[in-house]
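**Student:** just coords:
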């Protein structure tokens with residue numbers, strides 16, 4: 001891998017999964033959009049959908065089929081209530097899971113919310129060369145995930161390795 005000192009701006013999509021919010025009330029999605037743009041990435045598309053596994057699958061499938069999209073950030077639907085179905089909807093789309101993301105997210109969350117972190121089914125992986133990160137719906141959880149994990153991994157300057165510089169090789 002060639003060392004780089006320049007950031008690589010990525011095209012990212014944001015999907016909020018909620019039965020109760022609108023885009024006007026979507027503080028978690030707002031946070032993710034502001035954070036990714038502040039870190040030099042570009043918002044490719046943003047949407048909000050109810051917790052319906054087939055609609056979630058359809059939108060994320062469209063995004064991962066689009067060669068212009070580098071990554072997808074999903075917030076919501078990762079809990080244990082009857083309607084929470086983000087893992088069931090999106091895990092089947094992944095070519096490779098990234099177990100370390102969920103493990104690290106829960107470990108960091110434990111510092112913040114204690115044993116309540118075990119209720120998180122946050123996960124990440126790779127689908128058609130596109131990174132997919134699925135986060136809880138709270139703004140604080142999105143902030144934790146972005147600031148403590150995702151930001152550094154989407155930054156080409158992070159050493160010893162990062163996801164941004166892997167992007168060209170993901171479909172080999």
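**Tutor:** Received it, and whenever you're ready, just let me know what you need. Since the model is a prediction, treat every value here as computed from it, not as a measurement.
**Student:** the helices in the protein, which residues?
**Tutor:** Along the chain, the segments classed as helices by DSSP state H run 27-38, 53-65, 86-90, 99-113, 139-145, 151-153.
**Student:** is it possible to get a markdown table of the ones you listed that adds mean neighbour count and distance to residue 13?
**Tutor:** (Each C-beta comes from the backbone N, C-alpha and C, glycine too.) Compiled in a markdown table, the helices of the chain are given as follows (neighbours: other Cβ atoms under 10 Å; distance: least, Cβ to Cβ, whole Å):
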| stretch | mean neighbour count | distance to residue 13 |
| --- | --- | --- |
| helix 27-38 | 19 | 10 |
| helix 53-65 | 17 | 5 |
| helix 86-90 | 21 | 13 |
| helix 99-113 | 16 | 17 |
| helix 139-145 | 21 | 14 |
| helix 151-153 | 17 | 17 |
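**Student:** what's the closest of those helices to residue 8?
**Tutor:** With Cβ to Cβ as the measure, helix 151-153 is the member of the helices of the chain nearest residue 8 (11.9 Å).
**Student:** now the helices of the chain in JSON lines, with distance to residue 126 and mean pLDDT?
**Tutor:** JSON lines is the format used below for the helices of the chain (distance: least, Cβ to Cβ, whole Å; pLDDT from 0 to 100):
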{"stretch": "helix 27-38", "distance to residue 126": "18", "mean pLDDT": "98"}
{"stretch": "helix 53-65", "distance to residue 126": "9", "mean pLDDT": "97"}
{"stretch": "helix 86-90", "distance to residue 126": "12", "mean pLDDT": "96"}
{"stretch": "helix 99-113", "distance to residue 126": "11", "mean pLDDT": "95"}
{"stretch": "helix 139-145", "distance to residue 126": "17", "mean pLDDT": "97"}
{"stretch": "helix 151-153", "distance to residue 126": "12", "mean pLDDT": "97"}
